[in-house]
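In: Any chance you can model this:
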Amino acid sequence: MRFLMLDRRLVSAGVALAVLALSAAAPAAAQEPAAPAAPAAAPAAPAGPQPLSEAVVAVVNDNLISSYDLVQRIRLLAVTTGVQPTEESIPQLQQEALRGLIDERLQIQELRRVEKAQKITIVATDKEIEDEINDIAGGNNTSSTALLGSLSQQGISAETFKEQLRASISWQNWISGRYGSRVRVGQDQIVAVERQLSAAASKPQYQISEVLIDAPRVGGIDNAVAGATQLIEQLQKGAPFPAVARQFSSAATAANGGDAGWVSSGELQPEVEEALVQMRPGQLSRPIAVREGVYIIYLRDKRAGADAMVVNLKQAAVILPGDAAADAVTAAEAKLAALRPQIKGCADLESVAGGVQGVVAGDLGEAEIKDLAPAFQTAANSLQIGEISQPIRTAAGLHLVAVCGKRRSGAGAETPVQIENRLRGQQLALISRRYLRDLRNAATIETR
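Out: Next up, the predicted model:
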């Protein structure tokens, strides 16, 4: 990236004056929006600062970003995150707003290039933007007219809001459309995560939300620490964590408002876990420096490891009474021993075993291990997901038991579908970040 730094003192001073004027109109803490959403209804507020003479604050591949664009975006950022413009927070708001505008210009430029090359439509139309605004307004129990009117009271033009939505929607649709079908989450990956969760479930668990300030993106670890410190102050004053995460976080969880769900001891970076051990539910962490940047962690809840293990079992069985003759038991054992190598896993157990005369197969469903027959408890505890037991003798017969799922009981247990969706989302988020990084590296960007 060819990045030319020019004198920005006069522009920054003008932006600061304009943003400080916004502080009188901004609400103390905006309610959490469903997306970039309607701010809390503002009291009678001044229309905003006096118009400034426009200046160019950045050039992105010959596309201009003006001081008006920057002030508008700072206002929108302040309203949607609840971060209040103060002398301390203005530099961070300004930097994040400018980075966002630059990224959006690069995204739209790339999408227009692809549209021209492939003769397709990618950038969201005005109708699609209107529909999105209606959805956002509906999610906040208001109308699009009231939503845009509320933004206007904060000195934010409808066009500013629409253009941010246009870039966000278009880019997400492009990444999902181009790469979604190529992202593969295999059953082996899902099983591996289930095993990891099962192994970690007995350890202390933390329900957290996170913000990651990317050190390279903000100019180094010192800037990241300073930015995280400012955000923590704003969060303590009432800025909603999910809104702050969506706008400032570089973690894959940003799109979910920073929600990382339940994580277990050992899954986290040592610096983060060290901080969590000392925290109580409802607390914000201090800035936590790691290799890639600085974390802010909000501990929503914590718990000791779960005690009850739940398994999903399937079986193939030969029915024999408890007093069956020894030769009948031996024959049944031989039949199941010969059948066992033919079964590749839970997916084909019923179809394979059902074709063998004298063998019945079926899904036993989910149960806590402690509620199983003793012989089945031993198998369920020792087998990994997808593994099949040796023949097990019970009073009802001889059984091959397959463990098709294993999880700790209680809140926070993810289903296979949830695991698949999480892994897919992480892969697409990584693709998006790399794509945008390459666009930045290839661009000519001047900031003034």
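
In: element containing the nearest residue to Ala251 once chain neighbours are set aside?
Out: Sequence neighbours aside, Leu212 is the residue nearest to Ala251 in space, at 4.0 Å (criterion: Cβ to Cβ, 6 or more residues apart in numbering). Every residue, glycine included, has its C-beta placed from N, CA and C. Using DSSP states H and E, Leu212 maps to strand 205-214.

In: could you measure Ser150 against Val352, distance?
Out: As judged by Cβ to Cβ, to the nearest Å, Ser150 and Val352 stand 62 Å apart.

In: How about Leu276?
Out: 46 Å.

In: Find me the pLDDT at the residue nearest to Ala251, would you?
Out: On pLDDT, Leu212 comes in at 94.

In: Equivalent analysis for Ala413, please.
Out: 63.

In: quick one, longest helix in the protein?
Out: helix 90-118 (DSSP state H).

In: and the angle for that one with strand 205-214?
Out: 80 degrees (axes from the mean of the first three to the mean of the last three Cα atoms, to 10 degrees).

In: Export only the CA atoms of the strand or helix carrying Ala375, formatted as PDB.
Out: Per DSSP H and E, Ala375 falls inside helix 374-382. This file holds the C-alpha atoms of helix 374-382, laid out as PDB (Å, rounded to 0.1, in the frame of the first residue of the first chain):
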ATOM      1  CA  PRO A 374     -23.700 -50.400  33.900                       C
ATOM      2  CA  ALA A 375     -22.200 -52.200  30.800                       C
ATOM      3  CA  PHE A 376     -23.400 -49.400  28.600                       C
ATOM      4  CA  GLN A 377     -21.900 -46.800  31.000                       C
ATOM      5  CA  THR A 378     -18.500 -48.300  30.600                       C
ATOM      6  CA  ALA A 379     -18.700 -48.100  26.800                       C
ATOM      7  CA  ALA A 380     -20.100 -44.600  26.800                       C
ATOM      8  CA  ASN A 381     -17.300 -43.300  29.000                       C
ATOM      9  CA  SER A 382     -14.500 -45.000  27.200                       C
END
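
In: Packing partners of that helix?
Out: strand 309-319, strand 392-394, strand 397-408 (3 or more Cβ pairs under 8 Å, 6 or more residues apart in numbering; DSSP states H and E).

In: how near is the residue nearest the centre of the chain to Asn61?
Out: When the chain is reduced to its mean C-alpha position, the nearest residue by Cα atoms, centre = their mean turns out to be Thr253, at 2.7 Å. Applying Cβ to Cβ, the value for Thr253 to Asn61 is 31 Å.

In: same deal with Glu130?
Out: 29 Å.

In: Just the pLDDT at the residue nearest to the centre of the chain, thanks.
Out: Taking Thr253 on its own, its pLDDT is 87.

In: quick one on the thing from earlier: mind listing what's buried in the helix or strand just after the longest helix of the chain?
Out: Downstream of helix 90-118, the first helix or strand assigned by DSSP H and E is helix 126-139. Applying a neighbour-count criterion of 16 or more other Cβ atoms under 10 Å, the buried positions in helix 126-139 are Ile129, Glu132, Ile133, Ile136, Ala137.

In: which residue packs closest to Ile102, ignoring adjacent ones?
Out: Nearest non-adjacent residue to Ile102, counting by Cβ to Cβ, 6+ apart: Val60, 5.5 Å away.

In: where does the stretch 301-448 of the chain dip in pLDDT?
Out: Scanning the stretch 301-448 of the chain for pLDDT under 70 picks out 304-308, 408-413.

In: any idea how far the residue located most distally from the centre of the chain lies from Asp348?
Out: Relative to the centre of the chain, and counting by Cα atoms, centre = their mean, the farthest-placed residue is Ala325 at 59.1 Å. Taking Cβ to Cβ as the measure, Ala325 falls 32 Å from Asp348.

In: So which residues of this protein form strands?
Out: For the chain, the strands defined by DSSP state E cover 2-5, 56-60, 63-66, 205-214, 259-264, 288-290, 293-303, 309-319, 360-368, 392-394, 397-408, 444-447.

In: What pLDDT is listed against Glu88?
Out: 77.

In: hang on, isn't it packed against Gln230?
Out: Yes - with contacts counted by Cβ atoms under 8 Å, Glu88 reaches Gln230, the gap being 6.0 Å.

In: Which one's more surrounded, the two?
Out: The neighbour count for Glu88 versus Gln230, taken as other Cβ atoms under 10 Å, is higher for Gln230 (20 against 13).

In: if I read this right, the more buried one contacts Gln92, doesn't it?
Out: Yes - contact between Gln230 and Gln92 holds when scored by Cβ under 8 Å: they sit 5.0 Å apart.

In: tally of neighbours for Asn437?
Out: For the record, residue 437 is Arg, not Asn. Arg437 has 13 nearby residues by other Cβ under 10 Å.

In: one step back: any chance of the buried residues of helix 126-139 in a markdown table, plus distance to Lys116 and pLDDT?
Out: Converted to a markdown table, the buried residues of helix 126-139 look like this (distance: Cβ to Cβ, whole Å; pLDDT from 0 to 100):
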| residue | distance to Lys116 | pLDDT |
| --- | --- | --- |
| Ile129 | 21 | 95 |
| Glu132 | 24 | 93 |
| Ile133 | 27 | 94 |
| Ile136 | 30 | 88 |
| Ala137 | 33 | 89 |
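
In: how about these, which pair is most distant?
Out: Ile129 and Ala137 (12.5 Å; Cβ to Cβ).

In: Touching both of those two, which residues are there?
Out: Jointly contacting Ile129 and Ala137 under the rule Cβ atoms under 8 Å, 6 or more residues apart in numbering is no residue at all.

In: ok, how many other residues are close to Gly219?
Out: Around Gly219 there are 11 other residues, counting by other Cβ under 10 Å.

In: Repeat that for the one 5 residues further on.
Out: Residues contacting Ala224 under the criterion other Cβ under 10 Å number 25.

In: thought it was touching Asp214?
Out: Yes - assessed by Cβ under 8 Å, Ala224 is found in contact with Asp214 at 7.3 Å.

In: Pull up the overlap in contacts between those two.
Out: With Cβ under 8 Å, 6+ apart as the test, Ala224 and Asp214 both reach Gly293.
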